[in-house]
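**Student:** With the sequence up front, the predicted model follows.
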Amino acid sequence: MFDPDVPLTEPFPGVPTPTPRERPPVSPVRVTKLGNGARVASVDTGDRVSSVGLFVRAGSRYESAGISTGVCSLLEHMAFRGSARRSKFLQTRALEKTGASFGASASREVLIYSAEGMRAASGTLVAEITEAALQPMVMGATQGTAAWDAARAEIKTQAAAMAEHPQLSAGDASVELNELLHATAYNSVGLGMASLPKADKVGELTPDVVASYVSASHTPDRMVLAAANVDHDTLVSHAEKHLAGLPAGSGSLPEAPAHYTGGWARSTTAPSCGGGHVAIGFESLSWAHEDLVPLCVLRTLLGGGSSFSSGGPGKGMYTRLYTGVLNVHGWVDACAAFNHVYSDTGLFGISASCLDGSNLPHLVDVTTEQVGAMARVPTVEELTRAKAMTAAGLVMDLESRAVLVEDIGRQLVIGDTYMTVEEVLEQVEKVTGEQLAALAARLTSGKPTVVVVGDAYETASYEEIASTVHKQISA
């Protein structure tokens, strides 16, 4: 077939030379604002598959305590499972015919309806996600009708699913720790509202309450339709068809500025997985803050993760929390830095867990020590590694269509501006060790939020923890 005497450095006789195919250049992000305030954003990477997302500024932060608590989590789980126009069966059958994938996710500030499918089907993708967002089955349902009964039954079904899967609601230890952290940091108001509520609370919601929340939150000025690999003019035409008819104006949602209080909280209820858990955090930076990129580098530098890790280099095994905690204390199950960023505030700190609850007092001490050491000036090696990992992680994440669309959508719906990856990388390169140390010192000089899940009887007090951290910072 081939002459074995022909070296591999030479073309094989009779075999045509392949013509290299260059990848189409990535288009810049384009943004168009419709007349009613809805924004449309797109980027084209030249791929055949499109990713589309409708981003709504409507998370648990904007729920009303005791009235609509849990509604965003419910909307996430009810999406694409029937609408005011079609039954669950008819909608599911239509979605299956597209060959695309659909989903929804809810957080504290943003509700996302998304889809991925072939580029030629972009019109169908936009139509389906806008129907799921704007016409859930609760819309128009009045008590005493079949539509009301169907919506009520679906609410009960989704609440039961949350109860069966603790990671979907406040029944998991890590979920409980994060919920308790936010509730304590923001005094159970706004960002302190439960993002993953208890399943029984969700089951108590009625169709009229859910419909009222959708009407108030899903307004054009709170929406961004973002897509990858859809012609921008085509996407705008889809948006005009499905969104331009919405009346302009804002809904009546509770939207007070975030008020950080800090403080101490503990849950003595034994988590389902046992052991003990602690998180120590401080108020940090908002989405638009000029020091957000250095803060992201600091989080990468601290790193951390689980005590069990498989795989090769590049997983952060030399980050500060691995070398200072996980590689030193074998009884620590997990330890990692967290960085929650919101439109007008943020939470930054360290969380840790152990499998043996008797180690919880020691775990609190170890975590406190690491928080106090955050303001230590990193070595050149630490800084170089953290900057390289931050840059590489960002670029590799944005290779995903879905992540790229989410990045565009979140930036626009929360911050109303878009920072390109090139701009972020430029800022990463400029970060210095002294800048990170000063930033950490500034954050940790404030009032801490300390939360403990497990038997906290013998743990250090809030005052002792705060004093230890502040002494280390000032030393």
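**Tutor:** Good, I have the coordinates.
**Student:** CA only for contacts and neighbour counts going forward, please
**Tutor:** Fine.
**Student:** Strands of the stretch 351-475 of the chain, residue ranges please.
**Tutor:** Secondary structure of the stretch 351-475 of the chain (DSSP state E, counting those that start in this stretch): strands located at 449-453.
**Student:** Oops, could you answer that again for the stretch 151-300 of the chain instead?
**Tutor:** 223-228, 263-267, 276-283.
**Student:** out of these, deepest packed?
**Tutor:** strand 223-228 (a mean of 30; mean count of other C-alpha atoms under 10 Å).
**Student:** For that strand, give the mean pLDDT please.
**Tutor:** Throughout strand 223-228, pLDDT has a mean value of 97.
**Student:** Other residues contacting it?
**Tutor:** 38-45, 50-57, 235, 239, 401, 404-406, 408-409, 412-413 (C-alpha atoms under 8 Å, 6 or more residues apart in numbering).
**Student:** Select, out of the strands of the stretch 151-300 of the chain, the one closest to L8.
**Tutor:** Of all these, it is strand 223-228 that lies closest to L8, at 40.2 Å by C-alpha to C-alpha.
**Student:** Report the distance from that closest one to the chain centre.
**Tutor:** 17 Å (C-alpha atoms, centre = their mean, to the nearest Å).
**Student:** send the alpha carbons of stretch 154-161 over as PDB?
**Tutor:** Taking Å, rounded to 0.1, in the frame of the first residue of the first chain, the C-alpha atoms of stretch 154-161 are listed here in PDB:
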ATOM      1  CA  GLU A 154     -46.700  20.200  39.000                       C
ATOM      2  CA  ILE A 155     -45.600  22.400  42.000                       C
ATOM      3  CA  LYS A 156     -46.200  19.500  44.300                       C
ATOM      4  CA  THR A 157     -44.300  17.200  41.900                       C
ATOM      5  CA  GLN A 158     -41.200  19.400  41.800                       C
ATOM      6  CA  ALA A 159     -41.300  19.900  45.600                       C
ATOM      7  CA  ALA A 160     -41.300  16.100  46.000                       C
ATOM      8  CA  ALA A 161     -38.300  15.900  43.700                       C
END
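**Student:** Point out where this protein drops to low pLDDT.
**Tutor:** Scanning the chain for pLDDT under 70 picks out 1-2, 166-172, 249-251, 269-274, 307-315, 475.
**Student:** Not including adjacent chain positions, what is the nearest residue to the residue nearest the centre of it?
**Tutor:** Closest to where the C-alpha atoms of the chain average out (C-alpha atoms, centre = their mean) is S107, at 6.5 Å. Residue nearest to S107 in three dimensions, not counting chain neighbours: G59, with 5.4 Å by C-alpha to C-alpha, 6 or more residues apart in numbering.
**Student:** ditto for A65
**Tutor:** A65's closest residue in space is M193 (C-alpha to C-alpha, 6+ apart), at 7.5 Å.
**Student:** ok, now which ones touch the one you found?
**Tutor:** S60, R61, E63, A65, T69, H182, A183.
**Student:** PyMOL command for the buried members of those residues?
**Tutor:** The buried residues among these can be selected in PyMOL (16 or more other C-alpha atoms under 10 Å) with this line:
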select buried, resi 60+61+63+69+182+183
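**Student:** Of the contacts of M193, just say which sits nearest to N339.
**Tutor:** Nearest to N339 among the contacts of M193, with distances taken as C-alpha to C-alpha, is H182, at 12.2 Å.
**Student:** Excluding sequence neighbours, find me the nearest residue to that closest one.
**Tutor:** G192 (4.7 Å).
**Student:** What is the burial count for the one you found?
**Tutor:** Neighbour count for G192, taken as other C-alpha atoms under 10 Å: 22.
**Student:** correct me, but it touches A258?
**Tutor:** No. The pair G192 and A258 fails to qualify as a contact (C-alpha atoms under 8 Å) at a distance of 9.1 Å.
**Student:** Need the overlap of contacts for these two.
**Tutor:** What both G192 and A258 touch, as defined by C-alpha under 8 Å, 6+ apart, is the set Y186.
**Student:** circling back: nearest to V431, out of the strands of the stretch 151-300 of the chain?
**Tutor:** So among the strands of the stretch 151-300 of the chain, strand 276-283 is nearest, using C-alpha to C-alpha, at 21.0 Å.
**Student:** Now that closest one - C-alpha only, PDB.
**Tutor:** Extracted in PDB, the C-alpha atoms of strand 276-283 (Å, rounded to 0.1, in the frame of the first residue of the first chain):
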ATOM      1  CA  GLY A 276     -18.300  19.200  60.900                       C
ATOM      2  CA  HIS A 277     -18.200  22.200  58.600                       C
ATOM      3  CA  VAL A 278     -17.000  25.800  59.000                       C
ATOM      4  CA  ALA A 279     -16.900  28.900  56.800                       C
ATOM      5  CA  ILE A 280     -15.300  32.300  57.600                       C
ATOM      6  CA  GLY A 281     -16.000  35.100  55.200                       C
ATOM      7  CA  PHE A 282     -15.800  38.900  54.800                       C
ATOM      8  CA  GLU A 283     -17.700  41.400  52.700                       C
END
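**Student:** Who are the packing partners of it?
**Tutor:** helix 173-185, strand 346-354, helix 360-372, helix 433-444, strand 449-453 (3 or more C-alpha pairs under 8 Å, 6 or more residues apart in numbering; DSSP states H and E).
**Student:** Tell me which of these sits most buried.
**Tutor:** Most buried among the helices and strands packed on strand 276-283, counting by mean count of other C-alpha under 10 Å: strand 449-453, with a mean of 27.
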